[in-house]
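Student: requesting a structural model of the entry that follows:
(one chain, ligands or ions: 1)
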Amino acid sequence: MATQPELTIQGWGPTSPAHADADLSSSLPKAARRHLARELGWSPRATPPVPVADIRVAPSRLSEQARVRLQVLLGEQNVRTDRESRLRRAGGKSYLDLLRRREGDASDAPDAVVLPGSTEETAALLAACTELGVVVVPFGGGTSVVGGLAGVDPDDRPSVAVDLSRMSSVRSLDVPSSLVTVGPGMRGPALEQALAREGLTFGHLPQSWEFATLGGYAATRSAGQNSTGVGRFDDLVAGLTLATPSGVLELGHPPASAAGPDLLGLALGSEGTLGIITELTLRVRPKPAADAYEGWSFRSWAAGLAALQQLARHDLLPDVVRLSDADETRANLLMAAGGGARALRGSLRARGHADGCLVVLGWEGLPGLLRARRKAAASLLRDGGAIRLGRRVGESWKNHRFQAPYLRDRLMDAGLLVETLETAATWSALPTVYDAVRRALRQSLTRGGRRPLVMSHVSHGYPTGASLYVTVLADRDDALPIQQWLTAKRAATDALLAAGGTLTHHHAVGADHRPWMEREVGPLGVEVLRAVKSRLDPEGICNPGVLLPE
Ligand SMILES: Cc1cc2nc3c(=O)[nH]c(=O)nc-3n(C[C@H](O)[C@H](O)[C@H](O)COP(=O)(O)OP(=O)(O)OC[C@H]3O[C@@H](n4cnc5c(N)ncnc54)[C@H](O)[C@@H]3O)c2cc1C
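Tutor: Numbering: from 1, shown residues only. Below you'll find the predicted structure:
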């Protein structure tokens with residue numbers, strides 16, 4: 001089991017503090033900084049995080065009796081109550097998480113961190129915690145952006161973060177069946193490395209790929225940048241093991257079974273509320289023999305959406321599809337430094353696409369098939385009014401696909417609110433949802449004449465619709481930063497649901513979306529989920545603060 005780098009406490013990246021020597025001027029070209037200042041009415045100001053040593057962590061509430069019991073089960077070194085271990089497992093990486101950590105607040109840190117090494121140890125741990133009245137919060141990569149690790153318990157019992165990093169290796173590989181079985185703490189880079197030796201790939205590439213875990217993806221029903229082609233994470237799970245306080249469930253029967261409702265679906269997206277995923281069997285595929293990433297431009301958002309809908313209808317969606325609206329396109333073009341980017345901006349202006357919408361398409365697979373799909377799609381795109389910008393734009397996106405979270409830290413350092421939200425809608429509802437979210441965010445975040453910048457893209461296409469991903473930047477209200485975002489998020493969520501969007505397309509429910517869960521699945525739906533939970537987790541110790549409404 002190789003050691004995986006730890007995520008920094010107050011931001012993104014493998015070191016702490018993240019990229020300490022980088023600042024906004026070295027991270028963002030001058031033209032992009034000027035654009036942001038103009039759009040937002042914001043002047044960069046230094047708002048650095050407090051030193052990590054000053055972050056407040058309350059004393060552990062785990063009793064001596066509980067600590068000894070867990071140590072007997074897992075070994076002394078796998079039950080940790082030191083400040084550093086607890087601080088590193090406090091919450092996730094949403095804007096609110098980062099704000100709190102940057103301000104020196106880690107009051108949500110677990111009382112201890114425990115590291116089971118097997119399904120049997122995990123099951124025994126859950127049984128012991130049920131008896132002891134200790135809450136368990138599974139901890140994968142700690143990249144939740146919806147408060148999935150908040151550990152809030154209505155009964156205020158002590159809590160342990162169950163760190164799954166000891167279970168992070170490939171357990172078996174069945175090449176003829178294209179199946180790999182892994183531990184839940186494994187991350188994408190390590191899995192890809194192991195599969196590459198056999199000419200295989202898994203291909204799930206969310207932006208958090210460097211740090212998130214396979215167990216976390218399953219627990220949140222994640223989607224990756226290539227999900228239009230390879231499928232969402234839940235499509236790629238052939239089976240899993242779920243350790244619960246009431247016993248162990250082995251779910252999923254590849255290649256297929258008609259034995260009643262699929263119980264595997266209960267574990268996918270369960271966010272640690274039913275138990276802990278201790279093993280996953282995943283579908284893999286041969287490494288693509290060829291790929292082609294390219295850029296196209298539409299004159300308008302509406303034209304872009306219509307063209308993507310045509311591609312979807314004719315089963316011609318590429319493996320990666322990202323259509324940016326005019327605001328996101330402008331910002332992306334300004335962020336790309338160098339002569340090539342300047343020439344591209346000039347050429348778009350000359351062709352009447354100065355306020356156009358960029359779409360990145362990524363194709364992967366066998367060369368002949370790839371050529372045929374691209375050719376057929378190109379003809380539909382041209383019919384829809386698109387102009388081809390070539391491979392350079394697509395390759396540039398591909399090369400920078402994991403960079404945005406690093407930039408977020410620098411923007412926060414300079415006094416900005418930076419957050420994202422996401423939804424999905426049918427092709428017919430998508431334009432309304434887009435308008436509604438933008439309006440709600442703009443109304444909520446405009447203050448003193450300063451407006452936010454709301455940038456969106458459509459990605460993850462389906463025959464029936466697509467996901468909508470929104471990035472919002474605004475001048476931060478330094479007096480009430482948390483309240484500022486909570487108000488905006490509430491307005492945006494109400495608006496997108498009213499317009500026909502889903503509560504979440506891939507970030508999951510966590511603590512943040514709980515208040516709307518009943519609206520998504522209905523009161524009876526919530527009761528069904530509660531009934532399952534009370535059978536598997538009778539004392540309600542499994543991540544009580546998420547998914548199900550209070
Ligand atoms: C910068 C950034 C970019 C992101 N980009 C994407 C993206 O492109 N696509 C996407 O889908 N998401 C994205 N996310 C969100 C996040 O990465 C996903 O939700 C991911 O699936 C979480 O995985 P994790 O291992 O970090 O889980 P954690 O954050 O550790 O946990 C998430 C939830 O799952 C539970 N959990 C974790 N492991 C297990 C387990 N083994 N058994 C049971 N429950 C478990 C936790 O208790 C928690 O409720 C992004 C987040 C960040 C910060």
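Student: quick one: neighbours of the residue in the stretch 151-300 of the chain that the ligand sits nearest to, just the number.
Tutor: Nearest to the ligand, among the residues of the stretch 151-300 of the chain, is residue 216, at 2.1 Å (CB to the nearest ligand atom). C-beta coordinates here come from the backbone N, C-alpha and C atoms, glycine included. The number of residues packed near residue 216 is 31, by other CB atoms under 10 Å.
Student: now residue 124
Tutor: Here the count is done by other CB under 10 Å, and residue 124 has 17 residues near it.
Student: which residues touch it?
Tutor: residue 73 (CB atoms under 8 Å, 6 or more residues apart in numbering).
Student: returning to what we had before: tell me which helix or strand the residue of the stretch 151-300 of the chain closest to the ligand sits in.
Tutor: Per DSSP states H and E: residue 216 is located in helix 214-220.
Student: and residue 405, by the same measure?
Tutor: helix 404-413.
Student: which other helices and strands contact that helix?
Tutor: In terms of contacts (3 or more CB pairs under 8 Å, 6 or more residues apart in numbering; DSSP states H and E), helix 404-413 is packed against helix 24-27, helix 95-103, strand 416-426.
Student: quick one: the ones you listed as TSV, columns for mean pLDDT too.
Tutor: TSV is the format used below for the helices and strands packed on helix 404-413 (pLDDT from 0 to 100):
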stretch	mean pLDDT
helix 24-27	82
helix 95-103	97
strand 416-426	98
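Student: residue 224: which of these is closest?
Tutor: Residue 224 lies closest to strand 416-426 among the helices and strands packed on helix 404-413, at 13.2 Å (CB to CB).
Student: for the closest one, packing partners?
Tutor: helix 95-103, helix 404-413, helix 430-445, strand 465-475, helix 481-498.
Student: return the set of buried residues in it.
Tutor: By neighbour count, with 16 or more other CB atoms under 10 Å as the criterion, the buried positions of strand 416-426 are 416, 417, 418, 419, 420, 421, 422, 423, 424, 425.
Student: show me which residues of this structure are close to the ligand?
Tutor: 12, 92-93, 137-145, 148-149, 164, 184, 206-208, 212-213, 215-217, 219-220, 222-223, 271-272, 276-277, 405, 506-508, 543, 546 (CB under 6 Å from any ligand atom).
Student: can you name the residue of the stretch 301-450 of the chain nearest to the ligand?
Tutor: Taking CB to the nearest ligand atom, the stretch 301-450 of the chain has residue 405 as its residue nearest the ligand, at 3.5 Å.
Student: hmm, residue 456 is touching residue 469, no?
Tutor: Yes - taking contact to mean CB atoms under 8 Å, the distance of 6.7 Å between residue 456 and residue 469 places them in contact.
Student: once you drop chain neighbours, what's closest to the residue of the stretch 301-450 of the chain closest to the ligand?
Tutor: Distance criterion CB to CB, 6 or more residues apart in numbering; nearest residue to residue 405, sequence neighbours excluded, is residue 12 at 4.0 Å.
Student: tell me which of the residues of the chain next to the ligand fall in helices.
Tutor: 215, 216, 217, 219, 220, 405 (DSSP state H).
Student: so which elements touch the worst-scoring helix or strand of the chain on mean pLDDT?
Tutor: Of all the helices and strands that make up the chain, helix 24-27 has the lowest average by mean pLDDT, DSSP states H and E, namely a mean of 82. Here helix 24-27 touches helix 404-413, going by 3+ CB pairs under 8 Å, 6+ apart.
Student: turn the helices and strands packed on strand 416-426 into a markdown table, including mean neighbour count.
Tutor: Formatted as a markdown table, the helices and strands packed on strand 416-426 follow (neighbours: other CB atoms under 10 Å):
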| stretch | mean neighbour count |
| --- | --- |
| helix 95-103 | 21 |
| helix 404-413 | 20 |
| helix 430-445 | 20 |
| strand 465-475 | 23 |
| helix 481-498 | 18 |
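Student: these: lowest mean pLDDT?
Tutor: With a mean of 93, helix 404-413 has the lowest mean pLDDT of those.
Student: just want the angle from that helix to helix 481-498.
Tutor: When axes from the mean of the first three to the mean of the last three CA atoms, to 10 degrees is applied, the directions of helix 404-413 and helix 481-498 differ by 130 degrees.
Student: could you list the residues in contact with stretch 58-75?
Tutor: By CB under 8 Å, 6+ apart, stretch 58-75 touches 78-79, 81, 86, 107, 109, 111-112, 114-117, 121, 124-125, 128, 132, 134, 158, 160.
Student: mind running it again at 7 Å?
Tutor: 79, 81, 86, 107, 111-112, 114-116, 121, 124-125, 128, 132, 134, 158 (CB atoms under 7 Å, 6 or more residues apart in numbering).
Student: list buried residues within those residues.
Tutor: Members of these that pass the buried threshold by neighbour count (16+ other CB under 10 Å) are listed as 79, 81, 86, 111-112, 114-116, 121, 124-125, 128, 132, 134, 158.
Student: in strands, which of those fall?
Tutor: Within those, membership in strands is found for 79, 112, 114, as judged by DSSP state E.
Student: what's the closest of those to the ligand?
Tutor: For those, with the ligand as the reference and CB to the nearest ligand atom as the criterion, the closest is residue 114, at 13.2 Å.
Student: may I have the beta-bridge partners of the closest one?
Tutor: Beta-bridge pairing of residue 114, defined through DSSP bridges, involves residue 79, residue 162.
Student: these two touch, right, it and residue 164?
Tutor: No - counting by CB atoms under 7 Å, residue 164 is not a contact partner of residue 114; they are 10.3 Å apart.
Student: burial of the closest residue to the ligand within the stretch 451-550 of the chain, as a residue count?
Tutor: Proximity of the stretch 451-550 of the chain to the ligand (CB to the nearest ligand atom) peaks at residue 506, 3.7 Å away. Residue crowding around residue 506 was assessed by other CB under 10 Å; the count is 23.
Student: please report how far it lies from residue 224.
Tutor: When CB to CB, to the nearest Å is the yardstick, residue 506 and residue 224 sit 9 Å from each other.
Student: again, but for residue 272
Tutor: As for residue 272, its distance to residue 224 is 21 Å (criterion: CB to CB).
Student: check residue 151 too.
Tutor: Here the criterion is CB to CB. By it, residue 151 lies 27 Å from residue 224.
Student: try residue 530
Tutor: Look at residue 530 and residue 224: by CB to CB, they are 31 Å apart.
Student: neighbour count: those two, which is higher?
Tutor: A count of neighbours by other CB under 10 Å puts residue 224 above the other of residue 530 and residue 224, at 27 against 14.
Student: surely that one and residue 205 touch.
Tutor: Yes - with contact defined as CB under 7 Å, residue 224 counts as touching residue 205 (4.3 Å).
Student: and the host helix or strand of residue 343, what does it pack against?
Tutor: Taking DSSP H and E as the definition, one finds residue 343 inside helix 339-350. Under the contact definition 3 or more CB pairs under 7 Å, 6 or more residues apart in numbering; DSSP states H and E, helix 339-350 sits against helix 326-335.
Student: next, the angle from the helix it packs on to strand 465-475.
Tutor: Computed by the same axes, to 10 degrees, the angle separating helix 326-335 from strand 465-475 equals 60 degrees.
Student: for residue 451, which non-adjacent residue is spatially closest?
Tutor: residue 442 (6.3 Å).
Student: check residue 501 too.
Tutor: residue 423 (3.7 Å).
Student: over to residue 150?
Tutor: Spatial nearest neighbour of residue 150, excluding adjacent residues (CB to CB, 6+ apart): residue 511 at 4.3 Å.
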